[in-house]
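Colleague: Predicted model and sequence follow; I will ask about them next.
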Amino acid sequence: GNSVTQMEGPVTLSEEAFLTINCTYTATGYPSLFWYVQYPGEGLQLLLKATKADDKGSNKGFEATYRKETTSFHLEKGSVQVSDSAVYFCALDPGGYQKVTFGIGTKLQVIP
Amino acid sequence: KAGVTQTPRYLIKTRGQQVTLSCSPISGHRSVSWYQQTPGQGLQFLFEYFSETQRNKGNFPGRFSGRQFSNSRSEMNVSTLELGDSALYLCASSRGLAGEEDTQYFGPGTRLTVL
């Protein structure tokens, strides 16, 4: 079946540090890939997405590139802020009426 | 465009009781999915409804059920509550059409505490 693997964390970074959160997936065909962010006490918000190989999704300084050859969709940001502290979820949608599969979520803590 | 709304936001129940949660999707969205989120377990898929029919189902016991109305609003029901049902219940809506790009949008969740 489909699966998404990401580290659970927490990942602790100092403000202005470079962020990478790894995400790898297993799926047949060509799924769409997503990153969602969840702030404390809230639901998930869509951060960015990519629908085909080599697409780059970007939003609010975050980027991720759909790499089919390595089945990866790593999330990056050049300079994190305290306000980026949240849980980040990688997800895939295989399409064709199949359910969306989420990773376990990676908690990010940014300290001043 | 209004986002996904969930009611109530917080619930406290006791073991053995039942509970009904409601989700109103984004206008024009016909698919509603429900998830249970607990610490350490991440997001567990409960079920998805599309045009009033259950289209996908996760691995939860029959105590968890749902339905969808003609206006795409959805409810989920949990009967005979157990302590382990304490969780954040999230619903997500999407267009739900195969063959085209689709994205799930989440509501704020309902925090259920079972005492």
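Modeller: The structure has been received and is ready for your questions.
Colleague: near chain A at all, stretch B:78-98?
Modeller: Yes - counting by CB under 8 Å from any CB of the partner chain, chain A is contacted by stretch B:78-98 at B:90, B:92, B:98. Using the backbone N, CA and C atoms, a C-beta is placed for each residue, glycine as well.
Colleague: which parts of chain A sit against chain B?
Modeller: For chain A, the residues in contact with chain B (CB under 8 Å from any CB) are A:32, A:34, A:36, A:42-46, A:49, A:51, A:89, A:93, A:95-100, A:102-105.
Colleague: In the chain, where is pLDDT below threshold?
Modeller: Picking chain A for this. Regions of chain A meeting the criterion pLDDT under 70 are absent.
Colleague: not quite, I wanted chain B
Modeller: B:1, B:99-100.
Colleague: Show me where it has its strands.
Modeller: B:5-7, B:10-13, B:19-24, B:31-38, B:42-50, B:53-57, B:64-68, B:74-78, B:87-94, B:105-106, B:110-114 (DSSP state E).
Colleague: So what are the sheet partners of the third one and their directions?
Modeller: Same thing as strand B:19-24. Note on strand B:19-24: by DSSP bridges, its sheet partners are strand B:5-7 (antiparallel), strand B:74-78 (antiparallel).
Colleague: Show me what counts as buried in it.
Modeller: B:19, B:21, B:23-24 (16 or more other CB atoms under 10 Å in any protein chain shown).
Colleague: cool, the fifth one as well?
Modeller: Taking 16+ other CB under 10 Å as the basis for neighbour counts, the residues of strand B:42-50 that come out buried are B:42-43, B:45-50.
Colleague: how deep is B:Ser27 tucked in, by neighbour count?
Modeller: 10 (other CB atoms under 10 Å in any protein chain shown).
Colleague: ok, now the one 5 residues further on?
Modeller: One way to gauge burial is a neighbour count; for B:Val32, by other CB under 10 Å, it gives 29.
Colleague: If anything else comes up later, I'll come back, but that's it for now.
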